[in-house]
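Engineer: turn this into a structure:
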Amino acid sequence: MTYRDVASPQVLVWACTSVGARMPVAMAPLALVFLVRERPGGYALGAVLAAAYVIGEIVGAPVLGMRLPPERARPQLAVGLATGACGFAGLGVFSDAPSLVLGAFAFLAGAAPAAATGGLRALLTELVPERAVAQALSTESMLNSVIWAVSPAAVAGLALQVAPHVPLLLAAALMAASVAGLWLLPAGWKVDDSADGAWSGGSLPRLLLGAWPVYVMGAASLSLLGLAELVLPALLEQRGIPVGWSGPLLTGLAVGAGLGAFLYGLRTWPGLLRTRSVVLMCGTSLCVTLIALIPNTAGIATALAAGGLLQSGALLTRNLALRDALPPGALAAGYSVMYAAAGAGYAATGSLAGALLKVTVPSTAVLAGVALTLALTAVGWWGEVRRAGSSAQGADVVAPGSLVEDPGPGPEGTSIGGRCDAEGCL
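Structural biologist: Got it, this is the predicted structure:
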């Protein structure tokens, strides 16, 4: 298993299409703030528009993701991306419109293409051999790190040097270009009818709900460093460090995340996926705790980069765990629900931090966010252990300590051949 299995012309086309679909998502919150910052109460209005955009994503991802037909996903993805491009274009063209109109455009820009993340991830795994899925997801994570590193600088430069509405017009153009890229990719992904027969009768929502522990830990893995990003300017001010360092420090975070994704895909790591997730989340929590306690810029930069490195691995384990929890035909919907859960987790920790900043210092707000994230991690881990136990009870009973034949890949991405004990098969 190497990255050579991922290197192909089709994956390159996918990467270009993905940049067009996802860079507008990374640009949107900051672009909306710059769009209205010169109006009366501009920053508050910008935060409201950004919230409308995120709410659109949270609502649109599960609703539209569950409607994606696996083998004919292209038309729906194209319509969603094209409609999202119209939403961004409306924000750029009618930038002087009343606040309610801008809010409606922001909601549309967030909701319409919200299923694209799950659909594009499912398409990526269709383009590579099964043995290279972990490397493909690592490649996706590295690409996302680059996008999130470049987007803030692009938005700030265009908004300040050209005009505040230009970043949104660029976002519209990129998303429209991604629609064309879809026609160079497969129309959908193959589904094993025998594997998916259990939910073909309309129980997809129940199947997705059954994977809730994966979503909880996925939300925790993204929200922790989202908390660090949101509180970082105030934290730097508390430490007497120029706020201008926020940009370079967050770039270091993105670089660390990209490096972590690359390292994760280099080899097969030991242990169950849920165990890896807990270890990586505890490590990330330690790094964010250090961010709240370290008084100098170099220390904060190091902790942020290390946190990004560990967090990207945690998020990858969640995507791999979701592949084990759901049948192939439900994966795009599952990825979309994960996307919504991550957005909800980000919003929840951001709201908590915002509320705490009114009554306490930024470092305390960060520590409270870490405590919330660890609680979510514990709940998600407990749910996955419970779910695995229920699955084991429903399967054929294997005598503890017995040796079984290896029939192929099993739960959590491991081989189920080997010695079985009371906890399951190794």
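
Engineer: what's the local residue count around the closest residue to A234 other than its chain neighbours?
Structural biologist: Using C-beta to C-beta, 6 or more residues apart in numbering and skipping residues adjacent in sequence, the residue nearest A234 is P362, 4.2 Å away. Using the backbone N, CA and C atoms, a C-beta is placed for each residue, glycine as well. Per other C-beta atoms under 10 Å, the neighbour tally for P362 reads 21.

Engineer: once you drop chain neighbours, what's closest to A347?
Structural biologist: Spatially, and ignoring its direct neighbours in sequence, A347 is nearest to V54 (5.8 Å; C-beta to C-beta, 6+ apart).

Engineer: I'd say that neighbour and G343 touch.
Structural biologist: Yes. V54 lies in contact with G343 (C-beta atoms under 8 Å); the separation is 5.7 Å.

Engineer: between these two, who's got more neighbours?
Structural biologist: A direct count of neighbours by other C-beta under 10 Å for V54 and G343 places G343 higher, at 24 against 20.

Engineer: which strands or helices does the helix or strand that contains the more buried one pack on?
Structural biologist: Element membership of G343, judged by DSSP states H and E, is helix 331-357. With contacts taken as 3 or more C-beta pairs under 8 Å, 6 or more residues apart in numbering; DSSP states H and E, helix 331-357 sits against helix 42-65, helix 116-126, helix 204-210, helix 212-239, helix 297-325, helix 362-394.

Engineer: roughly how far is the fourth one from the heart of the chain?
Structural biologist: Distance, stretch centre to chain centre, for helix 212-239: 13 Å (C-alpha atoms, centre = their mean, to the nearest Å).

Engineer: okay, the angle between that helix and helix 362-394?
Structural biologist: With axes from the mean of the first three to the mean of the last three C-alpha atoms, to 10 degrees applied, the angle from helix 212-239 to helix 362-394 works out at 170 degrees.

Engineer: what's the following helix or strand after helix 212-239?
Structural biologist: Along the chain past helix 212-239, the next helix or strand (assigned with DSSP H and E) turns out to be helix 246-264.

Engineer: just the buried residues of stretch 237-250, please?
Structural biologist: By neighbour count on 16 or more other C-beta atoms under 10 Å, the buried set for stretch 237-250 is R239, I241, W245, S246, L249, L250.

Engineer: err, stretch 94-110, not the other one
Structural biologist: S95, L102, G103, A104, F105, A106, F107, L108, A109, G110.

Engineer: helix/strand/coil for the first one?
Structural biologist: Going by DSSP: H, G, I helix; E, B strand; the rest coil, the secondary structure assigned to S95 is coil.

Engineer: how many neighbouring residues does the residue lying closest to S363 once chain neighbours are set aside have?
Structural biologist: The shortest distance from S363 to any non-neighbouring residue, by C-beta to C-beta, 6+ apart, is to A292 (4.2 Å). A292 has 22 neighbours, counted by other C-beta under 10 Å.

Engineer: V214 too?
Structural biologist: Number of residues near V214 (other C-beta under 10 Å) recorded here: 30.
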